[in-house]
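Novice: Let's see this in three dimensions:
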Amino acid sequence: MLVATLGNGVHCFRNEGGHFKEVTAEAGLASRTGSTSLALADVDGDGALDLYVANYGTQAILRSGGGSAQMKRVNGQWVVTGPYADRLRLVDGRLEEVGEPDVLYLNDGRGHFRPLPWNSEFFLDEDGKPKAAPWDFGLTAQMRDINGDGFPDIYVCNDFQTVDRAWINDGTGHFRALPRLAMRHQSYASMGVDFADIDRDGWLDCFVVEMLSREHPRRMSQRSAMSPEAPAVGRIENRPEVNRNTLFWNRGDGTYAEIANFSGVAASDWSWQPVFLDVDLDGYEDLLIVNGHAFDVQDRDVLEQIRGFGKQPLAQARTNLALYPPLTPKKMAFRNRRDRTFEEVSDAWGFNSRQVAQGIALADLDNDGDLDVVINCFNAPPLLYRNNSSAPRVAVRLAGRAPNVQGIGANIRVKGGPVALQMQEIVCGGRYLSGDDPMRVFAAGTLTNKLTIEVRWRSGQTSEVREARANQLYVIEEPAAPAAKTAPPGSRRATEAGEPRPATVFFKDVSHLLNHSHHDELFNDYGRQPL
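Specialist: Numbering: from 1, shown residues only. Here you go, the predicted model:
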């Protein structure tokens, strides 16, 4: 187990069966860096997992004093010019700094990476035009096959007023923004995201966490200062942001219904990362959420108190943070009721620690075939939760061909269990400050069930294991012979490969021959049915 810490680098713990031994020095990881996140993957295709660690090291212009801002008046307004024009902006007469733009790096399979440029054919907006680099408050990016076409798409959670981004892959590494009407609104301060087929209809649904409290008194003291924007009449392509979690149920036609309130998962306090996991192994994914913050900086009472201090020197203003109360809600566990609704079971399942926790990862730590939970806490040791479910299960681990030895992006489907179809995808990272072991676990139903396991590899190959039995671990190897990748008809990949574009439609619009123009007649609704 690898644990990132602020000020003490990455710690490595070796599982010795029932207990862990720290072997950080032996692993060559001892350092004093401010490690915030890490990822494990075979980046050079040699069959061994490599480790990438993100350390905190600010390149901020304002804090470091590494430059001076240049400003001039344009149409009577002061604007930033010069080398920092894209890094600084004026807000209410003060300078604010924006971060770095998002970057997607492509691996050539030998450990060499190149960034994909913005304002090019690689990233297109909803209208198919090249997209400028988004300067968003990014927190989590997860790659998943969102639309089920076999190609990994990207969902990016962005904090504050910057909107979330959903990029759909056409199969050639070119991405286009999700259509405007696919999702009708989204979370305001999006922290983390996860995907699962919550109702087993064969389509991936999407859940994003935000910061809405579950307790009414705290909701009142945390009331957001964000005022909803009144859309203009006739404007239907806007995507308003809401101060709560959002659960997007996939309709199967490329659009989503937002059902978090209906499902009972709209509030989980200041949340960082959700995880879909079939805890009770009934065939339906349940939901775990880690939350909390060292200071409740949403407390409006403290904000009013600080506002009364007036203008303060920067050093003194920083001490105001201690005025905020700690925010230590219990961790949240929701059991899937199998009808698109969830029941809160944090206390019943023992998943109710009140530590401030941000990272969460899954792995079978005791080799009993189900997934246990590791949580990284702020200023406290990690938490380990052992899964005590006794229901029959089947575990699957993939052995892919180099360079994708973990089978990242492969889709696993299990048939014959307690539900007609269970499906999961192998993902690398994708959680806020954390990532799972790539083993996947499915409910078997009964000990006598004979299951079928299907694997759809990113190479286009497929594997199948018939009459799989419960309480077994299956290691499935990717077939050696590569197969031609397929793509949706009419996609960039299909047409570049010489595949004909979709046939023309069978109907021609001849509405002009009707010689008819529609006119609305005056009608008084209240005259017919007074309110």
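Novice: is L95 in a bridge, and if so with what?
Specialist: Note on L95: beta-bridge partners L90, judged by DSSP bridges.
Novice: Might you calculate how far stretch 86-93 sits from the centre of the chain?
Specialist: 29 Å (CA atoms, centre = their mean, to the nearest Å).
Novice: Can I get that stretch in PDB? Just the C-alpha atoms.
Specialist: Included here for stretch 86-93 are C-alpha records, laid out as PDB according to Å, rounded to 0.1, in the frame of the first residue of the first chain:
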ATOM      1  CA  ASP A  86      -3.100  34.900 -19.200                       C
ATOM      2  CA  ARG A  87      -2.200  34.200 -15.600                       C
ATOM      3  CA  LEU A  88      -3.500  37.300 -13.800                       C
ATOM      4  CA  ARG A  89      -6.800  39.100 -13.800                       C
ATOM      5  CA  LEU A  90      -8.300  42.100 -12.000                       C
ATOM      6  CA  VAL A  91     -11.300  41.300  -9.700                       C
ATOM      7  CA  ASP A  92     -12.800  44.200  -7.700                       C
ATOM      8  CA  GLY A  93      -9.600  46.200  -8.000                       C
END
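Novice: Around the closest residue to G445 other than its chain neighbours, how many other residues sit close by?
Specialist: Distances taken as CB to CB, 6 or more residues apart in numbering place P418 nearest to G445, at 3.9 Å, with adjacent residues excluded. From N, CA and C alone the C-beta is placed, and that goes for glycine too. By other CB atoms under 10 Å, 20 other residues sit near P418.
Novice: Same check on P403?
Specialist: 19.
Novice: mind checking pLDDT for it?
Specialist: Looking at P403, its pLDDT is 86.
Novice: Excluding chain neighbours, what is closest to it?
Specialist: For P403, the closest residue by CB to CB, 6+ apart turns out to be G45, at 2.8 Å.
Novice: pretty sure the one you found contacts H112?
Specialist: No - if you go by CB atoms under 8 Å, G45 and H112 don't touch, sitting 10.9 Å apart.
Novice: When the two are compared, which one has more neighbours?
Specialist: G45 (16 against 11).
Novice: for the more buried one, phi and psi?
Specialist: Phi and psi for G45, reported as degrees, to the nearest 10, are phi 70, psi 20.
Novice: Distance of it relative to D108?
Specialist: The gap separating G45 from D108 is 9 Å, by CB to CB, to the nearest Å.
Novice: swap in F122?
Specialist: Counting by CB to CB, the gap from F122 to D108 is 16 Å.
Novice: same thing with R300?
Specialist: 51 Å.
Novice: cool, H185 as well?
Specialist: Relative to D108, and taking CB to CB, H185 is found at 39 Å.
Novice: and what of E285?
Specialist: 35 Å.
Novice: between those two, which one's more packed in?
Specialist: Shown here are E285 and D108; by other CB under 10 Å, E285 has more neighbours (23 against 12).
Novice: I'd say that one and F276 touch.
Specialist: Yes - contact criterion CB under 8 Å: E285 and F276 qualify, at 4.1 Å.
Novice: who does A166 bridge with?
Specialist: Under the criterion used (DSSP bridges), A166 bridges to Y155.
Novice: That one - how many residues pack around it?
Specialist: Counted with other CB under 10 Å, A166 comes out at 23.
Novice: Check K311 too.
Specialist: 5.
Novice: Show the pLDDT at it.
Specialist: K311 is given a pLDDT of 87.
Novice: Just to be sure, it is in a helix?
Specialist: No - going by DSSP: H, G, I helix; E, B strand; the rest coil, the assignment for K311 is coil, not a helix.
Novice: need the contact list for G252.
Specialist: G252 is in contact with 201-203, counting by CB atoms under 8 Å, 6 or more residues apart in numbering.
Novice: Only the buried subset of those, as a ChimeraX command please.
Specialist: The ChimeraX selection below is limited to those of the contacts of G252 classed as buried (16 or more other CB atoms under 10 Å):
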select :203
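Novice: Let me know the closest of the contacts of G252 to Q312.
Specialist: Proximity of the contacts of G252 to Q312 was ranked by CB to CB; the top entry is W203 with 52.3 Å.
Novice: For the stretch 201-350 of the chain, which segments count as helices?
Specialist: Ranges of helices in the stretch 201-350 of the chain, per DSSP state H, counting those that start in this stretch, are 216-221, 260-263, 300-307, 314-318.
Novice: Flag every buried residue along the second one.
Specialist: So that's helix 260-263. Quick answer for helix 260-263 (16+ other CB under 10 Å): 260, 263.
Novice: do the first one as well
Specialist: The neighbour-count check on helix 216-221 (16+ other CB under 10 Å) flags 218, 221 as buried.
Novice: Over to the last one?
Specialist: Along helix 314-318, not one residue counts as buried under the neighbour rule (16+ other CB under 10 Å).
Novice: Could you list the alpha-carbon positions for that helix in PDB?
Specialist: These are the backbone C-alpha positions of helix 314-318, laid out as PDB (Å, rounded to 0.1, in the frame of the first residue of the first chain):
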ATOM      1  CA  LEU A 314      -2.100  39.700   4.500                       C
ATOM      2  CA  ALA A 315      -0.200  38.100   7.400                       C
ATOM      3  CA  GLN A 316      -3.000  39.000   9.800                       C
ATOM      4  CA  ALA A 317      -5.700  38.000   7.400                       C
ATOM      5  CA  ARG A 318      -4.200  34.500   7.200                       C
END
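Novice: Quick one: residues in contact with that helix.
Specialist: Outside helix 314-318, not a single residue reaches it (CB under 8 Å, 6+ apart).
Novice: tell me the contacts of the nearest residue to A380 once chain neighbours are set aside?
Specialist: Closest residue to A380 apart from its sequence neighbours, by CB to CB, 6+ apart: Q355 at 5.1 Å. Neighbouring residues of Q355 by CB under 8 Å, 6+ apart: 292, 328, 375, 377-378, 380, 383.
Novice: same thing with V43?
Specialist: Here V43 is in contact with 50, 52, 107, 111, 403 (CB under 8 Å, 6+ apart).
Novice: filter these to the buried ones?
Specialist: Buried, going by 16+ other CB under 10 Å: 107, 403, out of these.
Novice: Domain parsing of this protein, as residue ranges.
Specialist: Domain assignment for the chain by automatic domain parsing gives 1-58, 299-326, 501-528.
Novice: what number of residues lie near T319?
Specialist: 9.
Novice: Buried ones from the contacts of Q355, can you make that a PyMOL selection?
Specialist: The buried residues among the contacts of Q355 can be selected in PyMOL (16+ other CB under 10 Å) with this line:
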select buried, resi 292+328+375+377+383
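Novice: For the contacts of Q355, give me a markdown table that also has distance to D136 and secondary structure.
Specialist: Formatted as a markdown table, these follow (distance: CB to CB, whole Å; DSSP: H, G, I helix; E, B strand; the rest coil):
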| residue | distance to D136 | secondary structure |
| --- | --- | --- |
| G292 | 24 | coil |
| T328 | 29 | coil |
| I375 | 27 | strand |
| C377 | 27 | strand |
| F378 | 24 | coil |
| A380 | 30 | coil |
| L383 | 31 | strand |
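Novice: now, which of the contacts of Q355 sits nearest D153?
Specialist: The closest of the contacts of Q355, once distances to D153 are taken by CB to CB, is I375, at 27.6 Å.
Novice: isn't that closest one right up against L362?
Specialist: No - here I375 does not reach L362: they are 10.6 Å apart, not a contact under CB under 8 Å.
Novice: Which of the helices or strands spans G111?
Specialist: G111 belongs to no helix or strand when assigned by DSSP states H and E.
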